[in-house]
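Colleague: got a predicted structure here, sequence first:
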Protein chains: 2
Amino acid sequence: MFDDYETLDVFGPAEIFGRLVDQYSLKFYSLEGGVVTNRHKVPIMTEKFETMGNGPKIILVPGGMGTRKEVNNPQLLDKIEELSQTSDYVLSVCTGSALLAKSGLLDGKKATSNKRAFSWVVSQNSEVDWDKKARWKVDGKYYTSSGVSAGMDMALGFLADRHGIDFARKVAKEIEYNWIEDKDNDNFVAE
Amino acid sequence: MFDDYETLDVFGPAEIFGRLVDQYSLKFYSLEGGVVTNRHKVPIMTEKFETMGNGPKIILVPGGMGTRKEVNNPQLLDKIEELSQTSDYVLSVCTGSALLAKSGLLDGKKATSNKRAFSWVVSQNSEVDWDKKARWKVDGKYYTSSGVSAGMDMALGFLADRHGIDFARKVAKEIEYNWIEDKDNDNFVAE
């Protein structure tokens, strides 16, 4: 977490992973720990990265206007890189992929991002194989999604890849969510 | 907010209202103030209800498993009733309508709720005109929605009623959300 994160980038996937208490356990981290908030005024309590254990983990990096500042924050980028190297999976939503790209983690990999901020994201690192059509993109352990709500579609796609499509559909139904299952075609691609 | 609220019930609408910084300003309240969390382990910082100002306001009551306990918490129900009487609009998501119903606020009014918990919600108060087909229901200043994701559809419907359908569609597009515009037919109604 960082200042001025996008609300649903975080809490859409948090609903999906959070309810699976037998498979996943959520924790929120930031550089300083304590309350992190955003322009939406959503104050979430976090812990310092240093308190993170060494067990298997999945990292999710949200987007939001705060990424415009954080792409110039080497302390955060270094931490994202370090944690990503030791994580089983690395997920980003919206412009969160700009942070992954800037840290070099996506070099030579396929990735996507928010279609409304696409040129800015691409400008962070041209070594990434950017896909501007995808709702979400998978390359090895990296999952990157398009804007905001697309993070929920990606989270369900991640569940489908790990636990099967029926499992993912059951979760979508439980939260009464019309899951967009097609990861390759984002219907919000700008004309 | 109350213990064991449903994550997306809160943060779906929070994304939608929160981004409209010229029209709305979010605040999170609870009986005790401080950090409130849930079984998803999402810790949100809240203030005590007593710190709320007297200006115009909209109340949103989330659902979640915590409502099973809170329907028996007269302190919270009294506070919801008191605040609702002085609010311009009262919104609930999922089983949040059970709390409104139990407090008597929905007597003689049309309302809906989560379709998977419908009989439990109805059992809280039979004086409510419960609609088990609606995605969300509007009766005067009361907006009640079906489960979890339906809160986002209702929040966009609320914006459409206040600011016009084009405004609501623009917000949905900004967050790359496929808004379900039909409030009368929830496609998650149990067979």
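Modeller: Done, it's in.
Colleague: all the helices of chain A, residue numbers only.
Modeller: Taking DSSP state H as the criterion, chain A carries its helices at A:7-18, A:67-70, A:74-85, A:96-102, A:118-122, A:150-163, A:165-174.
Colleague: figure out which of these is closest to chain B.
Modeller: Nearest to chain B, of all these, is helix A:7-18, at 2.7 Å by CB to the nearest CB. (Each C-beta comes from the backbone N, C-alpha and C, glycine too.)
Colleague: what about the closest one, average pLDDT?
Modeller: Across helix A:7-18, pLDDT averages out at 98.
Colleague: tell me the contacts of the spatially most central residue of chain A?
Modeller: Geometric centre of chain A, nearest residue: residue A:92, 2.0 Å, by CA atoms, centre = their mean. Taking CB atoms under 8 Å, 6 or more residues apart in numbering or on different chains, we find residue A:92 in contact with A:60-63, A:99-100, A:113, A:142-145.
Colleague: could you rerun that using 7 Å?
Modeller: With contact set as CB atoms under 7 Å, 6 or more residues apart in numbering or on different chains, residue A:92 has these partners: A:61, A:100, A:144-145.
Colleague: please list the residues of chain A that sit near chain B.
Modeller: A:7-8, A:11-12, A:14-15, A:18-19, A:21, A:25-26, A:35, A:39-45, A:146-150, A:173, A:175-178, A:180, A:188 (CB under 7 Å from any CB of the partner chain).
Colleague: still on that earlier bit, make CSV out of the helices of chain A and add mean neighbour count.
Modeller: Formatted as CSV, the helices of chain A follow (neighbours: other CB atoms under 10 Å in any protein chain shown):
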stretch, mean neighbour count
helix A:7-18, 28
helix A:67-70, 20
helix A:74-85, 16
helix A:96-102, 28
helix A:118-122, 18
helix A:150-163, 23
helix A:165-174, 16
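Colleague: hmm, residue A:29 and residue A:49 touching each other?
Modeller: Yes: using CB atoms under 7 Å, residue A:49 is in contact with residue A:29, at 5.0 Å.
Colleague: and residue A:26, how many neighbours?
Modeller: 20 (other CB atoms under 10 Å in any protein chain shown).
Colleague: check contacts around the nearest residue to it once chain neighbours are set aside.
Modeller: Nearest-residue entry for residue A:26: residue B:41, 4.5 Å, with adjacent residues in sequence omitted and distances by CB to CB, 6 or more residues apart in numbering or on different chains. Applying CB under 7 Å, 6+ apart to residue B:41 gives the contacts A:18, A:25-26.
Colleague: ok so, going back, out of the contacts of residue A:92, the closest to residue A:123 would be?
Modeller: Set against residue A:123, the nearest of the contacts of residue A:92 by CB to CB is residue A:100 (14.5 Å).
Colleague: what's the distance between stretch A:78-95 and the middle of its chain?
Modeller: With CA atoms, centre = their mean, to the nearest Å as the basis, stretch A:78-95 stands 9 Å off its chain's centre.
Colleague: again, but for stretch A:172-186
Modeller: 16 Å.
Colleague: same question, stretch A:53-69
Modeller: 7 Å.
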